[in-house]
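[1] Based on what follows, work out the 3D shape:
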Amino acid sequence: MVEALSIYKKWKGYSLDYEGSRKLIFSLRESNSCFVKNNAIRIFTRNRGCDFKISGCFPDKCCSIVDSKGNEVAQVRMMKEVEKLIESKDLYHVVVNPGMDQAFVFGVIAILDYIYGESTHC
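    Just a heads-up that it's a prediction; the model follows:
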């Protein structure tokens, strides 16, 4: 019932220390309203507001992570060479721009994979 009343669908990404304590690193939000025209998934880091958004279509494996200034910081694509050989959508070609945290990018990809019903289980 709470999900139906919320205007956002939310997912959270945590880091774990050696003792198993969780620390929130980022959250993904998607508008849950039929009145919102742009249902882009937005990524919020723990210390700031909306820092990134997903541009493109993750289920088609053709999207980018874009920062608040409009700069593409990572790209996700389907591996065309492998796609022809096997019928799997579990293989990605990911390019992370210099200076961007690779663990953060792959955490976002894992949650997107989960959201869209692929092989990642959270």
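
[2] okay, how far is it across stretch 94-105, tip to tip?
    Chord length of stretch 94-105, first to last residue, is 9 Å (Cα to Cα, to the nearest Å).

[3] And for stretch 45-64?
    The stretch stretch 45-64 measures 17 Å between its terminal residues, going by Cα to Cα.

[4] residues of it that come out buried?
    Residues of stretch 45-64 classed as buried: 51-56, 58, 61, 63-64 (neighbour count, 16 or more other Cβ atoms under 10 Å). C-beta here means a position set from N, CA and C on the backbone, and glycine is covered the same way.

[5] which residues does Ile25 contact?
    Contacts for Ile25 (Cβ atoms under 8 Å, 6 or more residues apart in numbering) come out as 13-15, 45-46, 104, 107.

[6] make it 10 Å
    12-15, 45-46, 101, 103-104, 107-108 (Cβ atoms under 10 Å, 6 or more residues apart in numbering).

[7] Touching the helix or strand containing Gln75 from outside, list them.
    According to DSSP states H and E, Gln75 maps onto strand 72-78. Outside strand 72-78, the residues within contact range by Cβ under 10 Å, 6+ apart are 51-52, 54-58, 60-67, 88-89, 91-102, 104-106, 108-109, 112-113.

[8] just the CA coordinates of that strand, formatted as CSV?
    Provided in CSV are the C-alpha atoms of strand 72-78 (Å, rounded to 0.1, in the frame of the first residue of the first chain):
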residue,chain,number,x,y,z
GLU,A,72,28.2,11.3,-20.1
VAL,A,73,30.2,9.5,-17.5
ALA,A,74,29.6,5.9,-18.5
GLN,A,75,28.0,4.0,-21.4
VAL,A,76,26.3,0.6,-21.4
ARG,A,77,25.9,-1.2,-24.7
MET,A,78,25.2,-4.8,-25.8
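
[9] Thanks a lot, catch you later.
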